[in-house]
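Participant: Sharing a model that was predicted from the sequence below.
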Amino acid sequence: MSQGKTGPVVGQRTIGGYLLSLLAWVVGLLFFFPVFWMVLSGFKTEPDANGPPKMFFEPTTEQFSEVTSATSGLLSAGQAFANSFWAVSVSTIAVMILAIPAAYSLSIKPIGKWKDVLFFFISTKFLPIVAAILPLWIIAKELGWLNTRIVLMVLYTAMNLPLAIWMLRSFFAEVPKELIEAAQIDGAKLWGQITSVILPIVAPGIAATALLCVIFAWNEFFLAVQLSPSSGGATVPIWVTGNVTSRGNFLAKLSAASTLATLPVIIAGWLAQKRMIRGLAMGAIK
Amino acid sequence: MSLYYSFTKWTVTPPTPRTWTGIGNYTDAFTNIFFRRAAVTSIVMTVTAVVLSVLLGTLIALLLDRKFFGQGFVRTLILTPFLIMPVVAGLVWKNQMFSAAFGVLNWVLNQVGIESIEFATKYPRWAIVGVLVWQWTPFMMLIILAGLQGQSSSVLEAAKVDGASPRATFFQITLPHLRPYIELGVLLGSIYLIQVFDHIFVMTGGGPQSTNIPLFVYQRSIGGGWRFGSASAFSIVVVVATIILATFGLRVLSGLLEGEEA
Amino acid sequence: MNNVKSTRSKPWLILMSVLAAFALIATACGSDAADVVGDAVDEASDAADEVVDEVTGDDDGDAMEEEGDAMEDDGDAMEDDGETKTIRVAAVNNGNVERMAELAPEYFTPDSGIEVEFTFLEEAALREITTRDVAAEGDQFDVVMIGMYETPQFGANGWLTGLNDFAAASDTYDIDDLIPAVRGGLSVDGELYSSPFYAESSFVMYRSDIIDNMPDAPTWEEVAAIAREVDTDEMAGICLRGKPGWGDLGAAFTTVLNTFGGTWWSANDDGSIGTSQVDQPEFAEALNFYVDLLNDAGEDDAANSSFNECKTLYEEGKVAMWYDATVAASLFPEDVVANTAFALAPTNVTEASGWLWAWTLAIPATAADPQAGFDFIDWATNAEYHELIAELDGWRAVPPGTRQSLYERPEYQEAASAFAQRTLDAMLAAPIDNPGTTPRPGLPGVQYVGVPEFQDTGARCTEEFSAAIAGTQSVEDALANCHAIASEYNG
């Protein structure tokens, strides 16, 4: 937190202030509780996790070692994480490369009716993806992309692009016009304007947008399972849901796997969160 | 391509040749009561989940937009549900939170002397909305928090100096400032929530109160119906309807907020 | 606001937005996304480094043409990886099958020279993917695991490779050893289209320490009376499937429906679907019976429970009785098995009512090397595999229900004494050819109707029934809605 940043809340050191802080903690813990429970379940045995709620039990790391142990012929954790890593990082970088210029042009130098145009594009995302899956599958088959990482890289790029453009546009719109004009008067070229003036200001916004793209791509399940279920392209969600079977719930194993699967995004969330807030405070100099 | 299929009668199994049926699939879409019911479920679920998560998200963002011990930690705690995979969220809530026999919620209720409630059975729609709100409030909170922190402190200082009450400051300065952020949250929330599928699939498996459009389309196509023609038509209807609704909704929302600004 | 500099930058900006916009349209149309976005990504990365001076219109044109070409080329994009002999297998993710996958590299590959690459999927996803793969010639898998519902349908459609000749040529695969009902359910006109990995029927499992008056072959009336009698706040009388899904509630309910004399559709003379029979009194009687029983003596959250939930409840002592798949017995921990007794699937007006299901391995008609596929199927489903499992994991762990020879082995009889005989009885009794009292359309089936339309009807009707179980709508409304759904397919 940077200096002197206050919200519209008064009396930080009064009793009311402490109560509000307490409330924030309570809300935070409530929201986190199911996640906490999930992590806890990852350390339970199957009967403990599937039975009545138990706070105290003999913790075991059995589930963690079981879900990470690799057996030949089966999708291993390492393989799934590698596939996810590539699909998510390549698609996120591609989204950013495409979305930053597009959002910039839409927000800073609007063309006519841009809002309607943009809205039309983003609303195309309303199409239930199940309806598009067969055409997608046929195309992927023709290209020989089924069960590869490529198909997911491409689709995740397409999937996150509207989101990224829309979000980035809002962040770009936050950039004070005067700053750009000042830069223009100083004779900065377009590229110079972007790199030296605008990007530093919107960097936190870009980080936040990229983080969202990462989260959505990381957790995406439907396209992955439909188009790339084999170990050549299977991602972490497929690995996690391997513990959902029609012959019993393996909640403890599922929890252990989910905990591992969620860790990367939680860490990413942590890092990007701080960056975003520091940067946004910096940007608030209108 | 989906658009093209939507004009055809195309069934994968039994394998039948694709035939052109014109708008037949579309008239079906409007007359089919099950489709209409799924549409109602979709709308109700999306709207309540978005509204609740935006409201809660705003409140929590306001709570967190203060300096207090462990602020960053609490923010991270709240953010976490958003990072959980939908399938996992659905299963954890169904089996470990809502379950009448083994759920934590009912365990708490029993401790205070209330009979177990079959949350996901008796109130399938609201149980699902609850999980959605749980997952999406953090997202709204994040966006709105970003908005709050992007607020110019000098303007707020000035308001304080002028003797504006906190309430007036909030409604006249903060809220209008937050408008684009709230809009963004509503829009993105609607886009993703109208597509909700995994939660419903694992929690209830569908039903008159919980089958939404994606689940309905799924059932008609790869989920067993294998009727891609009519499934595509249903989807196109959905897209057009959502565009209209969303445009309308956003205009209304903008109008409301502008009204407050004045 | 535009000064000289910003005007100069315009073409570039517009290009970028058009590209981005195009990618968005691509997503919308779904189909086009793949290659168009591919182009867009390539171009965008170039664009990032240098100013792109192409005219935007050309881009769109190219992309559209490419897309068109891709569509016309249907069929000749087959991949040819003949140099290494690897077969790809899609299978359901449960313990027995995954164990087989673990053993394959050590016990199958060295002898056969064939490597096996497995893809494990949850039941619903597997069904979506395998159906698409065999129906639309996806050519992604050399061997697919499909259910007993799909096998005869796919076989009759010509989507699968017949196995009779392969089986006859094999020294290790004894086709006559298969349990007759299972073999019958997997054959069309005498041709076997898939080989069962394991098979199951349904029966009643109950707590022998609580219930002592259960007949070996009970009627539903008797079962319902016992369930109501032993039902307490702490322990429900019976666990029955209530979760929507043609393979969940649909399976359990259809066995009840059959034995109550009801059916989903009447059959025309040629075996096609006649008219919906959901409005008949037998159907209403069966549904009312099912819903009432669950309301009076059923488990908590019945409308959201299926095999997994009931298994947990039974193992935790929350229900006294459970009517479900025979395979459950082989999954119980020892202490649960010790207190459990078994009875045949309850009946009403028919002689037998247990269902019949199998997960089976089949070869798509388009498979490049069906002999390699069959070599694998042979290894995974023959009697020698049973011995291999017995040797490594004990007899109880052998995939049950497929071969008579397994049930003739004294070792198996002893190891699985609690349920082996009951399972075999149930399998032999399963009324695969004549499950109800009236002729049904389509191919044989017990807990389903052997027509493709059943998946959709079953899925949506069970939603209605499940809501009736939950009490959020009346049985009458559920029946009326289901009748409307089933009538969509009237012939």
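Facilitator: Noted; the coordinates are in hand. Numbers count the residues shown, from 1 in each chain, chains lettered A, B, ... in the order given.
Participant: residue ranges for the strands of chain B, please.
Facilitator: Assigned by DSSP state E, the strands in chain B fall at B:8-9, B:19-20.
Participant: Worst mean pLDDT among these?
Facilitator: Averaged per stretch, pLDDT over the strands of chain B is lowest on strand B:8-9, reaching a mean of 48.
Participant: Figure out how far the helix or strand hosting residue C:426 is from the centre of its chain.
Facilitator: Assessed by DSSP states H and E, residue C:426 sits inside helix C:420-429. The chain centroid and the centroid of helix C:420-429 are separated by 21 Å, computed with C-alpha atoms, centre = their mean, to the nearest Å.
Participant: Report the rounded mean pLDDT for it.
Facilitator: 88.
Participant: quick one: residue C:374 from residue C:175, how far?
Facilitator: 12 Å (C-beta to C-beta, to the nearest Å). The C-beta positions use only the backbone N, C-alpha and C, and glycine is treated the same way.
Participant: Residue A:105 too?
Facilitator: With distances taken as C-beta to C-beta, residue A:105 is found 68 Å from residue C:175.
Participant: the more surrounded of the two?
Facilitator: residue A:105 (24 against 15; other C-beta atoms under 10 Å in any protein chain shown).
Participant: Wait, a helix at the more buried one?
Facilitator: Yes - counting by DSSP: H, G, I helix; E, B strand; the rest coil, residue A:105 is found in a helix.
Participant: And the strands in the stretch 201-350 of chain C, which stretches?
Facilitator: Using DSSP state E, counting those that start in this stretch, the strands found in the stretch 201-350 of chain C span residues C:202-207, C:265-267, C:273-276, C:321-325, C:340-344.
Participant: Looking at these, which is nearest to residue C:486?
Facilitator: Set against residue C:486 and scored by C-beta to C-beta, the strands of the stretch 201-350 of chain C come closest in strand C:273-276, at 3.7 Å.
Participant: Contacts made by that closest one with the rest, please.
Facilitator: With contact meaning C-beta atoms under 8 Å, 6 or more residues apart in numbering or on different chains, strand C:273-276 is reached by C:264-268, C:441-442, C:451, C:453, C:483, C:486-487, C:489-491.
Participant: Can you report phi and psi for residue C:89?
Facilitator: Here is the backbone geometry of residue C:89 (degrees, to the nearest 10): phi -120, psi 130.
Participant: Is it bridged to anything, and to what?
Facilitator: Beta-bridge partners recorded for residue C:89 (DSSP bridges): residue C:118, residue C:143.
Participant: show me the residues around it that make contact.
Facilitator: Residues near residue C:89 by C-beta under 8 Å, 6+ apart: C:116, C:117, C:118, C:119, C:141, C:142, C:143, C:144, C:145, C:361, C:376.
Participant: Quick one: which of those residues is the most crowded by neighbours?
Facilitator: residue C:144 (29 neighbours).
Participant: Next, name the residue at the spatial heart of chain A.
Facilitator: Ranked by distance to the mean C-alpha position of chain A (C-alpha atoms, centre = their mean), the top residue is residue A:215 at 1.7 Å.
Participant: Now do the same contact list for it.
Facilitator: A:265, A:268, A:269, B:82, B:83.
Participant: Work out for me the element it sits within.
Facilitator: Counting by DSSP H and E, residue A:215 is part of helix A:199-219.
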